[in-house]
Structures are given as structure tokens and as C-alpha cells.
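K.L.:
Okay, sequence plus prediction incoming.
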Amino acid sequence: MKILYFDCFAGASGDMLLAALLDAGASEEFVREELAKLPLTDYELQLTRVVKKGISALNVTVDVAEDKQPHRHFKDIAAMLQNCGLTPEVMEMSLGIFRRLAEAEGKVHGKEPEAVHFHEVGAVDSIVDIVGIAAALFSLGADRLYSSALHTGSGFVRCAHGELPVPAPATLELLNGFPAYSRGIETELLTPTGAAVLTTVAEFSHLPAMTVTGNGYGAGKKDLPMANLLRVIVGETKEKSAYVTEKAVVLEANIDDMNPEFFSYITGKLFDCGALDVTLQPVQMKKNRPGTMISVLTKAEHAEDLAQILFSETTTLGIRRFKADKLMLPRRRQEVETEYGPVRIKIAELNGEIINAAPEYEDCRNLAEKTNTPLKTIYQAAQNAWNQQIK
């Protein structure tokens, strides 16, 4: 099993992460091919080697021609990522990172994520960093991603809203539920982009047991008393897993005294605030009263907000909360052509063998509405196209 470990002893930023991944062996050609799909112009991705405290490292710079870049809303960036033809896994990871950023910025500024107006992270260089990181991770093909605790720095940083304490408010919000520390270096070491990437894609731990097979160093721009570098360690373990694993939190509550009409509204609100899954199960409660157990699966960073929703929107007086490991089949998407238009097929594999393949519902629904064709007809056409493709 292939492992990547992000060693963030000098913090993390988008350019440091991208540089370290490329230095560790990610395909520069693939990264540039994915970036070329973005509808962004007048920028150049420059790679140079530098030395920090005697250590050779890769330095990534996104050189933008225009001094003044447009400030984009999250919905604008989401539309860009979804419609420019990125490899599906790269698009989904990039979108997930930007969504985390939008949720954090929204909470800080009291806005809905879709209404968040990005400043620095909506600029061309940040978009290039995030999409480039997603492409580099896809290229490396690691089975598990881990990160050290995050060194934040201290002091103050100047940004679009003025001078703010380090870690910046959005960075601090992103760190909720994750390990972080400062050793008194008075500068911003951990940027919102760096925090968003790592808290989205990595599990946090000490360096796991593995056979080291490679490493890469990404350089920061500032000269510090310490080596301003981010290190990626590449390794292999003898453990062979047919599954993709992910840490999660489960929240559960039993309810027997609430209008059942409320469950639909509550379920929607939970999904809007970060729930990965919400299930309702009939249960027999004390005094033989019929009730409903609501179970919410989520990532750790959303657990507190979802618990507040359960307390405020239901009649429960208590919630069970416990950690869980999600075991998931490796999955990918592949597009097929039908007479009605293209449809993505969701493909799941076990030990390298395809065991499930199903048309993407949203693609089928959109084509059904667009062509005024029954949904089941679109779905069957996509399934037939897939069956023909694998013969």
C-alpha cells in the first residue's frame, strides 16, 4: 500500500504543497495538462530549484500578468471546476477543498458558503495551486494520505480585510478538530489554502510505519530561522487493502415525541451542513413507545455543527457520538456516449476487478429534462452503452 506523509514542520501553503508533491515524483506533464483545461489566462507556472538552510528544494511560482485579479464567489469557482473538463477525481478533490474554504470563510463572515466572496484564495494563483495539488495527488496514486500536526506561526498578517492575527480567522476555523501548534516564529506559516488542502485530504498522525521509497521538498518564499520547507515522504507498507479507508464521526439520537413531518426538513439541513449520510430507522423505545433513530455520518470537522442542529431542530435531549472507520471500494467515473448525450458511469472495484457500474443519476436526470425523454430510458441507454464498451 502506497503512503504519502506531509511533514509540515514549517507550516503549509498551496505553493509549498504543490512543489513538494512534484519534487516527490508527481507528473509535471499531467499537472500542466489539467491546469491547461482551466479557463484562466495570462499566468505562468514556474518551477525552480532553491536551497533553504542547505537543503535543495523545488520552488513553485504562479506568475500572473495582471496585477489586479478578479475576486470570485465560491459558486463561480465551483462552476468553473465542474465545466472545464478536469479529470473527475481531480475536479472532485479541487471542489471539496474549495468547499471547505467557503464553509470556513462563510462562518467567519456570517454568510452562506455560496455567497462567500473569495479574495486571496479566489485569485488565479490559488486556483492553480489547488487544482495542481489535486492533479499531483491523482498522479502519485497513494492509497493513504497522512499529515503531521500543523505549525501555524504567530503574530499578524496583512490581507484584504486588514491586519489579522495568526492563524488568520479562516485558517483557525479550518483547524477546528485538527492538531496545530506554534513555536513563536512571528509570521504566517500556515495559510488558509494549506489548511484547507490538508484538512480535506489527509489523516493526522505521527509518521506511520512504512518502508520509505522517496521524498520531496517544497520551498516557502520567506527566509526564516528554520528551513522554510514542507516535506513529503513517500512509502510502502506490506499491508494490502482492497478498500479505501476514511475516518468519520457518527452522531445518533432516538426520538419518540416529535412530529415525523419534521424529519424531511432536518435531514436536508444536516446534508447542507456537511453530513455525508443521514439515515432514519424505526426503534422500540422505553414504555414500548415507537420511535425513530436518526443517525448522521460526517467528518470530524462538521460534527459539532451537526450536533447543534440535532439539539436545536429535534426534541432529543442527548446524542451518542463515536468515531468510525469508513471502508469504501475504490471508485472512478468514466463517460459513455448515448444518443441523448454523455453520461458518466460510476465504477467500483474490488481487488482490481469491476464489481459495480451504474449511470450517474444527476447526468441522467439532466438529460431527461433537457430532451424531454423518460428518465428510465436515459438510464437504460447509458447502461447499454457501458455494457457495449466493456465487451
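P.N.:
Yep, it's here.
K.L.:
which SS state does residue 271 fall under?
P.N.:
helix (DSSP: H, G, I helix; E, B strand; the rest coil).
K.L.:
what sits against it?
P.N.:
residue 278 (CB atoms under 8 Å, 6 or more residues apart in numbering). In short, each C-beta sits where N, CA and C put it, glycine included.
K.L.:
swap in residue 130?
P.N.:
Here residue 130 is in contact with 14, 94, 97, 98, 193, 196, 197 (CB under 8 Å, 6+ apart).
K.L.:
would you list the residues you listed in a markdown table and tack on pLDDT and secondary structure?
P.N.:
Below are those laid out as a markdown table (pLDDT from 0 to 100; DSSP: H, G, I helix; E, B strand; the rest coil):
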| residue | pLDDT | secondary structure |
| --- | --- | --- |
| 14 | 95 | helix |
| 94 | 93 | helix |
| 97 | 93 | helix |
| 98 | 91 | helix |
| 193 | 94 | helix |
| 196 | 95 | helix |
| 197 | 96 | helix |
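K.L.:
most neighbours, which of those?
P.N.:
residue 197 (30 neighbours; other CB atoms under 10 Å).
K.L.:
re earlier: closest one to residue 265 out of the contacts of residue 130, please.
P.N.:
residue 98 (27.2 Å; CB to CB).
K.L.:
which ones are touching residue 8?
P.N.:
147, 148, 149, 150, 151, 190, 194, 198, 230.
K.L.:
Filter those residues down to the buried ones.
P.N.:
147, 148, 150, 151, 190, 194, 198, 230 (16 or more other CB atoms under 10 Å).
K.L.:
The fifth one pairs with what?
P.N.:
I take that to be residue 190. Counting by DSSP bridges, residue 190 is bridged to residue 12.
K.L.:
those helices in the stretch 251-391 of the chain, which residues are they?
P.N.:
Taking DSSP state H, counting those that start in this stretch, the helices of the stretch 251-391 of the chain run over residues 262-272, 300-313, 361-371, 375-390.
K.L.:
quick one, which of the ones you listed is nearest to residue 24?
P.N.:
Of the helices of the stretch 251-391 of the chain, the one closest to residue 24 (CB to CB) turns out to be helix 300-313, at 26.2 Å.
K.L.:
That closest one to helix 262-272, inter-axis angle?
P.N.:
Interaxial angle of helix 300-313 relative to helix 262-272 (axes from the mean of the first three to the mean of the last three CA atoms, to 10 degrees): 150 degrees.
K.L.:
for helix 300-313, what is the average pLDDT?
P.N.:
Mean per-residue pLDDT for helix 300-313: 92.
K.L.:
what bits of the protein have low per-residue confidence?
P.N.:
66-70, 117, 119-122, 160-161, 239-241 (pLDDT under 70).
K.L.:
hmm, 80 instead?
P.N.:
65-71, 109, 111, 113-123, 159-162, 238-245, 301, 351-352, 391 (pLDDT under 80).
K.L.:
Name the strands paired with the longest strand along it and say parallel or antiparallel.
P.N.:
The single longest strand within the chain, with elements called by DSSP state E, is strand 244-255. Strand pairing for strand 244-255, determined by DSSP bridges: strand 290-298 (antiparallel), strand 320-328 (antiparallel).
K.L.:
wait, residue 173 sits on residue 101?
P.N.:
No - with contact defined as CB atoms under 8 Å, residue 173 does not count as touching residue 101 (9.7 Å).
K.L.:
Looking at those two, which has the bigger crowd around it?
P.N.:
residue 101 (28 against 20).
K.L.:
Next one: residue 165 from residue 321, what distance?
P.N.:
31 Å (CB to CB, to the nearest Å).
K.L.:
now the end-to-end length of stretch 268-277.
P.N.:
11 Å (CA to CA, to the nearest Å).
K.L.:
Now do the buried residues in it.
P.N.:
So stretch 268-277, judged by 16+ other CB under 10 Å, has buried residues 269, 270, 273, 274, 275.
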